[in-house]
Every structure is written in structure tokens, then in C-alpha cells.
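Novice: Here is my input, please return the structure:
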Amino acid sequence: MKILNGETFIAMVMNGYRNLKGHHGEINDLNVFPVPDGDTGTNMSATLTGGTKAMEKADKGSIGDVAKKLAEGMLLGARGNSGVILSQFFAGISDALEGLKTANVTQFAAALRSGTQKAYEAVVHPVEGTILTVAREGSSYVMSHLTKIKDFETLFEVLLKQMKLALDKTPELLPVLKEAGVIDSGGAGLVTIIEGMGKEIIGEEIADSVFNGPANAVATDEKVPFTEDSVLEFGYCTEFILQLLKCKGDPKDFKLKELISFLGTIGDSIVAIQQGTIVKIHVHTKEPWKAIQYVQKYGEFVTFKMENMSIQHQEVLLKGVQEEHKVQPHKKVAIVSVSPSEEITKLFKSMGVSGIVSGGQTMNPSAEDFIAVFDEVNADEILVFPNNGNIILTAEQAGKLYSKSKIHVLKSKSIVQAYSGLAMTDLDNMSVQENIDVINDSMAGLIAAEISPANRDTSNNGLAIHEGDYIGITGGAVVSVDATPLGAADKLIAKVEDLEDRSLLTVFYGEDATPELRKEFAKLIEEKYSHLELIPIEGNQRIYPLILAIE
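Specialist: Down below sits the predicted model:
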């Protein structure tokens, strides 16, 4: 095959998607730390899910349009660092294929190079031995050997071979991978996708498999009834994508702000995004027909979805999930934070957080999740606490996609960093930059640590770890190992070099922290580290029975 059209590209992406879904569990297991939080495979699958759904609406006669829709869906659906980088890789491919009906081998090879460049640009400090290396070595090899590549069968054969070689070398580039005995999980995900795409070209369709999505994804029960005795309390969740049309006027005359103002008169929870002549809208209203009537003055619907929110409310009651976001009164500055539990949500709200994005380990939120909350808090400027190193890139991507507020993403990698930072904020008496400065100073002076059970035998930072042990993690490395969580915490605290200069220890107790552990931990601090004032907080977070902040 020497020419690639839109329809074939769709089939290739879908085969890659099926391959990724089928192996996402194995990719999750490629985790540097032996803790039950590996989610790279899940995040990449969820990101590609968003892309494949958007791709369904593409013009199959144009590979440029297919790639564009795929990239748009992945950008909004991106979860975790791996998902963000993957979305940028396909966004770069889309940039290079823009306007093309079909692509030849040379054009597609250039698109792979463009994807690699854009993926690198998404990371402030690119690290080799990751998905970036796999993408770069694969795409650069293809570009430098184009004279020997005459068709797409050969291109993907060569690309896959080189990417696999690069993947196998990732432990040599990242010592932490070598010590853990694993290859890079993001690179493995990319190789899995490319493998599936290549197999489609030679007629090997991969069987589909079940993918339940991230742990924080909520399924709906379509059997919840809305009977003759029901009352429409909550209106309709109305979402559509509008194509602005020249036959209805110059698309340049369309004003998104005017549409947002109108939607505000008939509903709330408004999310409005415009990219070129495409407008994406989300609104809650009891009068959806008014929205339809208004926007049809400018264009026609590409997609349209409307759901009865009274039924959704019943699902909330039955499943114990949060209700849809409601737009708050306008404010100059607001704080948005990621929270892994209801208890931490209540705490953060009491400390001035206006909007909560549900998420954490194993349940990384998407860029679209952040955008919905940005709209909810309704502020000129928004401070964002991601509270997880694997969520920072997603928050930053959401900030770039969101144009109604100035977004400031703080580099918080733990809930205790957010807790410390929130304690220092004063939105009423300090400027935004002053608040950012004191938050950063607070986080910089804090030692954040997690105690977690180990789920496999490995070694890290020179420490031998066995399945069933408990490990103490701080500064991105395992620093203690013990048979009990109390022992791991004790060893971790004892290794703090300037411990005598610190006076405060905050502990967030997780859902697995037993009453006995809590009692023993308090006794340990009182007897062995008596100069530290202990502040216990009920966090009820998953995975980590203890999360510590030493200040």
C-alpha cells in the first residue's frame, strides 16, 4: 500500500486501540515503584478512547480531517503524563497531515517526525528512556531510511522494529527502570498502538476486549425510569458540536462570548470551546430548544446529545457519585484542587478551594474534567493544585485549552503539599503572584512522603523489596522498607537529615489505616520524635495508609 486514505487510517487507529486495550493491564504493571498504582495503560487507553469517539465524526475521505478529529478528542480526553504526551504525538501527526485527502509514505513519515517534536515540546524537561525516546528513535530512523521504504507495510515494519529496540534500551537510559527490572510503560503503550496499526495494514485485525476505563469513570444505568409521575427538576444536559457555515454568514462574525451570554440566560454549567469554525457546547437547561434555535442561525450540528438530568440525578443517588457541576457566582480568583476522597474534598473546601476535580492515584482525571471545573468556579484567574506528578501535565494541557480564565498550575505532587500551600493562601489580601510565591515556598520547605504496600518483588534505591512489604517513598525514591507500615514510616522519618530543625508532622490516614496503626503511630511520634507536633487528619485515601508531611 503506497497511499493511505482516511478510511484506512481509521481502521489502523482502531486496531491499535484494540491492541492497547488488550494489553493495558500488562502496561499498568510496568511500574517503577512496586505499589498498586500503575495506571499508564489505563490512562493511554482512556486518552485514545476520547480520540476514537471524536474520529467517528470525521470526513472519512480526508486523512487530514480524520487525524484532526482524532487529535482533538485525545487532547480533551488526555489523562496522566503518558496520555498527554500521547495526545501531543497524535496532534503533531495531525498538524503535518492537515488539508490532505491522502498521504504517501514520505508525508506520513514527516507526520511521525512532527508528532515526536510536538510530544517533546509538551514536556518542560524531557527525559530520555521514556515514550519520547521510543517515538524519536522510531520516527527518525524512518526518515533517514526513506529511500528504502516504498510502501506502508515496510514503513510500519521498520518503525515497529526500531521502536521495540528503543523500548528495550530504556532501562539503560533510566537507571530507575533498570533497578526495578522493567521497561518504560509509556513507551510500551506507544509500541502496542503502532503494532496494532501495522497489523491492520497486513490484514491482521485484533480482537476487541473490554476496557472499563479509569477508576473514577462513572458508568450510567440506562434502565433508571422516568415515569408519568416524574417531574423535570434538573433540565437537560445538552451537548453539541456546531459547524459554522458560510451559507449562514461569515463564520468570522460569530462571537463565542455572545453565545455564552445567551446560554447564561437559559441555563448554567456552560462549557464553550471554539476551534476554527467548530464550536463545542455543554449547557444544562430546561429549554434546550432555545439553544438549538439560537445556534442554527450560524451553522448546523455535527453531533448532538441531550440527556434528562432528572434521570442522571437518580443515578447519582443510586451510585453515590457527585452531581453535575453548577456554575458559581463570578469571582476574581478561585482555587481548584484534585482530591482522591470525600474527606479530603471537605477539608480542602473548608480551606478555600472552590472547585474539586475528582482523581488521584489510579484515577487520573482528563483535561476535559479540569475544563468543566474551571467553568464551574467562574473566575478571572484560577490556581490549580494537581496533587500528583502524573496529573500536572494534564492540568497544564487543560489550562492551554481553556481561554475564559488565566490558569496557574502549581507543581503540587501530593495532597500534603496542597494542604500546606492552602494554609498559606490569602486571596483577599495578597495578589495572585504573592499567593503563588508563598505556596511555592511552603511546598519547597516540606518533606512529603507516602507509605504503601509493595505488590511485587523488586529493588529501588539500593533497597531489596518483597511483595507484602511496606515501603516509604519521598522525593521520587523508595527510602525505607519494612514488614509493617509503622516500621516503614519510622525508618523514613529517621532518615530526614534536618529532622531536629522541623517541628510539625501532619499525617493523612488512608482507608487501610487500622485503629491499631493510628494508635501505634501516635505513640511512636510521642515517644521517639517528641519534638514533632502531630496533626492527624482523616483522609480516607486509597493505596496509601499513611501520607506524611514533615515541616
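
Novice: Wasn't residue 348 part of a helix?
Specialist: Yes. Assessed with DSSP: H, G, I helix; E, B strand; the rest coil, residue 348 lies in a helix.

Novice: mind checking pLDDT for it?
Specialist: Per-residue pLDDT puts residue 348 at 92.

Novice: Thought residue 418 was touching it, still the case?
Specialist: Yes. Using CB atoms under 8 Å, residue 348 and residue 418 qualify as a contacting pair, with a distance of 7.0 Å. The way it works is simple: take the backbone N, C-alpha and C, and place the C-beta from them, glycine included.

Novice: neighbour count winner among those two?
Specialist: A count of neighbours by other CB atoms under 10 Å puts residue 418 above the other of residue 348 and residue 418, at 28 against 24.

Novice: Strands of the stretch 301-450 of the chain, start to end?
Specialist: 331-339, 355-358, 379-385, 406-409, 447-453 (DSSP state E, counting those that start in this stretch).

Novice: Using TSV, lay out those together with mean neighbour count.
Specialist: Converted to TSV, those look like this (neighbours: other CB atoms under 10 Å):
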stretch	mean neighbour count
strand 331-339	23
strand 355-358	22
strand 379-385	23
strand 406-409	19
strand 447-453	24
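
Novice: would you turn those into a markdown table with distance to residue 284 and mean pLDDT?
Specialist: Shown next, in a markdown table, are the strands of the stretch 301-450 of the chain (distance: least, CB to CB, whole Å; pLDDT from 0 to 100):
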| stretch | distance to residue 284 | mean pLDDT |
| --- | --- | --- |
| strand 331-339 | 20 | 96 |
| strand 355-358 | 16 | 92 |
| strand 379-385 | 19 | 97 |
| strand 406-409 | 23 | 97 |
| strand 447-453 | 38 | 94 |
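
Novice: returning to what we had before: what residues are shared contacts of residue 348 and residue 418?
Specialist: residue 337 (CB atoms under 8 Å, 6 or more residues apart in numbering).

Novice: on that earlier part again, could I get the strands of the stretch 301-450 of the chain as TSV with distance to residue 437?
Specialist: Shown next, in TSV, are those (distance: least, CB to CB, whole Å):
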stretch	distance to residue 437
strand 331-339	14
strand 355-358	22
strand 379-385	12
strand 406-409	11
strand 447-453	19
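
Novice: To residue 369, which of those strands lies closest?
Specialist: Proximity to residue 369 (CB to CB) singles out strand 355-358 among the strands of the stretch 301-450 of the chain, at 5.5 Å.

Novice: and the residue nearest the centre of the chain, what is it in contact with?
Specialist: Centroid-nearest residue in the chain, with CA atoms, centre = their mean: residue 79, separated by 2.1 Å. By CB under 8 Å, 6+ apart, the contact list for residue 79 reads 42-43, 46-47, 214, 364-366, 394.

Novice: Hmm, which of those residues is lowest in pLDDT?
Specialist: residue 214 (57).

Novice: Residue 386 and residue 417: what is the separation?
Specialist: Distance, residue 386 to residue 417, using CB to CB, to the nearest Å: 10 Å.

Novice: neighbour-wise, which of these two wins?
Specialist: Neighbour count, other CB under 10 Å: between residue 386 and residue 417, residue 386 has more, with 29 against 22.

Novice: Show the pLDDT at the closest residue to residue 152 other than its chain neighbours.
Specialist: Nearest residue to residue 152 in three dimensions, chain neighbours excluded: residue 1, at 4.6 Å (CB to CB, 6 or more residues apart in numbering). On pLDDT, residue 1 comes in at 94.

Novice: What about residue 1, how many residues nearby?
Specialist: Residue 1, neighbours per other CB under 10 Å, totals 14.

Novice: got it, and residue 153?
Specialist: 14.

Novice: Work out for me the element it sits within.
Specialist: Using DSSP states H and E, the element containing residue 153 is helix 152-173.

Novice: Could you give me the buried positions within that helix?
Specialist: For helix 152-173, burial by neighbour count (16 or more other CB atoms under 10 Å) applies to 152, 154-156, 158-160, 162-164, 166-167, 169-171.

Novice: what does that helix contact?
Specialist: 1-2, 4, 105, 108-109, 112, 128-130, 133-139, 141-142, 145, 148-149, 177-178, 181-184, 187-188, 190-191, 194-195, 197-198, 201-202.

Novice: taking those one by one, which sit in strands?
Specialist: Filtering these for membership in strands, criterion DSSP state E, returns residue 4.

Novice: Can you turn the buried part of the contacts of helix 152-173 into a ChimeraX selection?
Specialist: The buried residues among the contacts of helix 152-173 can be selected in ChimeraX (16+ other CB under 10 Å) with this line:
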select :4,105,108,109,112,129,130,133,134,135,136,137,138,139,141,142,149,177,182,183,184,187,188,190,191,194,195,197,198,201
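
Novice: measure residue 181 to residue 111 for me?
Specialist: For residue 181, the distance to residue 111 equals 35 Å [CB to CB].

Novice: Likewise for residue 504?
Specialist: Counting by CB to CB - residue 504 and residue 111 are separated by 53 Å.

Novice: Of those two, give the one with the bigger neighbour count.
Specialist: Set residue 504 next to residue 111 and count neighbours by other CB under 10 Å: residue 111 wins out with 25 against 14.

Novice: isn't that one right up against residue 98?
Specialist: No. The criterion here is CB under 8 Å, and residue 111 misses it with residue 98 at 9.7 Å.

Novice: so what sits against both of those two?
Specialist: residue 67.

Novice: chain center to the helix or strand hosting residue 284: distance?
Specialist: Per DSSP H and E, residue 284 falls inside strand 278-285. Distance, stretch centre to chain centre, for strand 278-285: 22 Å (CA atoms, centre = their mean, to the nearest Å).

Novice: what's the answer for stretch 534-547, then?
Specialist: With CA atoms, centre = their mean, you get 23 Å for stretch 534-547.

Novice: Tell me the buried residues in that stretch?
Specialist: Neighbour-count burial for stretch 534-547 [16+ other CB under 10 Å]: 537-547.

Novice: CA atoms only for it, dumped as CSV, please.
Specialist: Coordinates of each C-alpha in stretch 534-547 appear next as CSV, following Å, rounded to 0.1, in the frame of the first residue of the first chain:
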residue,chain,number,x,y,z
LEU,A,534,1.5,15.5,65.3
ILE,A,535,-1.6,16.7,63.4
PRO,A,536,-3.8,13.7,62.4
ILE,A,537,-6.2,14.1,59.5
GLU,A,538,-8.8,11.6,58.3
GLY,A,539,-8.0,11.4,54.6
ASN,A,540,-9.5,8.0,53.7
GLN,A,541,-7.4,7.9,50.6
ARG,A,542,-6.8,4.7,48.7
ILE,A,543,-3.5,2.8,48.4
TYR,A,544,-1.5,4.8,51.0
PRO,A,545,-2.4,4.0,54.6
LEU,A,546,-0.2,7.0,55.6
ILE,A,547,0.7,10.2,53.8
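
Novice: Mind listing residues that contact it?
Specialist: Against stretch 534-547 from outside (CB under 8 Å, 6+ apart): 35-37, 340-344, 347, 360-362, 414-416, 419, 448-453, 485, 489, 504-513, 517-518, 521-522, 525-526.

Novice: Can you say which of these are buried?
Specialist: Judged by 16+ other CB under 10 Å, buried ones among the contacts of stretch 534-547: 35-37, 340-341, 343-344, 347, 360-362, 414-416, 419, 448-453, 485, 489, 505-510, 512-513, 517-518, 521, 525.

Novice: Which of these fall in helices?
Specialist: 343-344, 347, 415-416, 419, 485, 489, 517-518, 521, 525 (DSSP state H).

Novice: which stretches of the stretch 1-150 of the chain form strands?
Specialist: Counting by DSSP E, counting those that start in this stretch, the strands of the stretch 1-150 of the chain are 3-5, 102-104.

Novice: ok so, going back, would you turn the buried residues of stretch 534-547 into TSV with pLDDT, secondary structure and distance to residue 58?
Specialist: Output for the buried residues of stretch 534-547, formatted as TSV (pLDDT from 0 to 100; DSSP: H, G, I helix; E, B strand; the rest coil; distance: CB to CB, whole Å):
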residue	pLDDT	secondary structure	distance to residue 58
537	89	strand	48
538	90	strand	48
539	92	coil	44
540	92	coil	43
541	92	coil	40
542	88	coil	38
543	87	coil	39
544	93	coil	42
545	95	coil	47
546	96	strand	48
547	95	strand	44
